[in-house]
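Enquirer: 3D, please:
(chains A and B)
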Amino acid sequence: MSTYKHLHPFRDGLHDALVLPMVVLTGGMIGFGALAQESGFNILEAVLATILIWALPGQIVLADMHAAGANTWAIVIAVSIANLRFLPMTIAVMPHLRGGLKHQAWQLALAQMLSANSFLYILQAVPRFSPIDRVRYFTAFVLSCVVIAVVATVGGHIAASQMAPAVAMGFLFVNIIFIACLLANSRAAPIIASIIIGAIAGPVCHLISPSNGILIAGIIAGTAGHFMFRGHRGSPS
Amino acid sequence: MNVDIGPLSLILLAAAATFLWRFLGVILSSRLRPEGAWIQWMTAVAYAVLAALAARMLVLPVGELATIPLWIRLAGAAVGIGVFFVTKRNALAGVVTGTLAFIALVAGH
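Expert: Purely as a prediction, here's the structure:
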């Protein structure tokens, strides 16, 4: 393992999670907690949604549609489609972590921990660590995120009725700006091209097909970006 | 076929429907090499899906955010990304400034 310089994966994972993701998760999950409260979920249910779904956009779809009184299966399918991005994300991340596991069944636990947040951070950490240290980094990062997210969900649920509307709105907005900043940090040509095309294609495809638009836009944009710059190798971010 | 199940069962079903993709991802990725073209392609698609999602949430939001005029949402995002680059890619500065700008514009609206 002498080719890898960093030897504090667990500490680095905690440290990385406790800076930007902490601020964003706190904001986003307070927003979700408040939304869940208004949608008729109790505190325990809101916390379970945070831990078990572990993907804020899907959680917002769940709370929004539940409040609107949508059909059970329509809600489940909508949440599933909102979270379809975990298929390419898991495929992209797992080969970097698999080598650090004794039992391959643990891949399912790692896959459950994946989110937009941890996806972007683990890919940035891949060049720094050996596979086993990547698992340590990832675990430390996600466990801190889970603790922060649960506390914020509870806080948002309790504070829901006292929040000024502009502030509650800000808590929903923080997620968008966070994803935008993390994406803006990309440096590899195929990834930058995929992001720009995806950002344009996303709303357009959503108008054409509200249920599948985001996925279709992602496949088109990612494929275009990948093949436009196929020769350009480098770190994914 | 609307079965009236409790909120807890609804959450468990939604979680299972999300885990399905994670599970399929693990199965499919086990057949691929980390440095191979398939993984690079899937990485590009994953980033593009996130970009498409963020752009959709910004331009065509659902719920409460939809009541805010588009220019306020775009202005908040522009301030955030602008500050991010001005501060030599400090994401914390970008996120905090962009969100505060958005809240100020919403409050003044």
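Enquirer: which parts of chain B belong to which domain?
Expert: B:1-60, B:68-109 (automatic domain parsing).
Enquirer: closest to chain A out of the ones you listed?
Expert: With Cβ to the nearest Cβ, the closest approach to chain A among those belongs to domain B:1-60: 2.4 Å. Bear in mind the C-beta positions are built from the backbone N, C-alpha and C, glycine included.
Enquirer: tell me which of the domains of chain B sits nearest to A:M228.
Expert: Counting by Cβ to Cβ, A:M228 lies closest to domain B:1-60 out of the domains of chain B; the figure is 9.7 Å.
Enquirer: could I get the average pLDDT for that closest one?
Expert: What domain B:1-60 shows for mean pLDDT is 86.
Enquirer: same question for stretch A:33-47.
Expert: Averaged over stretch A:33-47, pLDDT sits at 91.
Enquirer: contacts only, for the most centrally placed residue in chain A.
Expert: Centroid-nearest residue in chain A, with Cα atoms, centre = their mean: A:A116, separated by 2.1 Å. By Cβ atoms under 8 Å, 6 or more residues apart in numbering or on different chains, the contact set of A:A116 is A:55-56, A:179, A:182, B:50.
Enquirer: report the two of those residues separated the most.
Expert: Going by Cβ to Cβ, the pair spanning the contacts of A:A116 furthest: A:A55 and A:L182, at 15.1 Å.
Enquirer: do you know the pLDDT at the residue in chain A positioned nearest to chain B?
Expert: Chain A approaches chain B most closely through A:T90 (2.4 Å), counting by Cβ to the nearest Cβ. Note on A:T90: pLDDT of 93.
Enquirer: neighbours of it, how many?
Expert: 27 (other Cβ atoms under 10 Å in any protein chain shown).
Enquirer: host element of the closest residue to B:V62 other than its chain neighbours?
Expert: Nearest residue to B:V62 in three dimensions, chain neighbours excluded: A:D64, at 6.0 Å (Cβ to Cβ, 6 or more residues apart in numbering or on different chains). Using DSSP states H and E, A:D64 sits within helix A:56-67.
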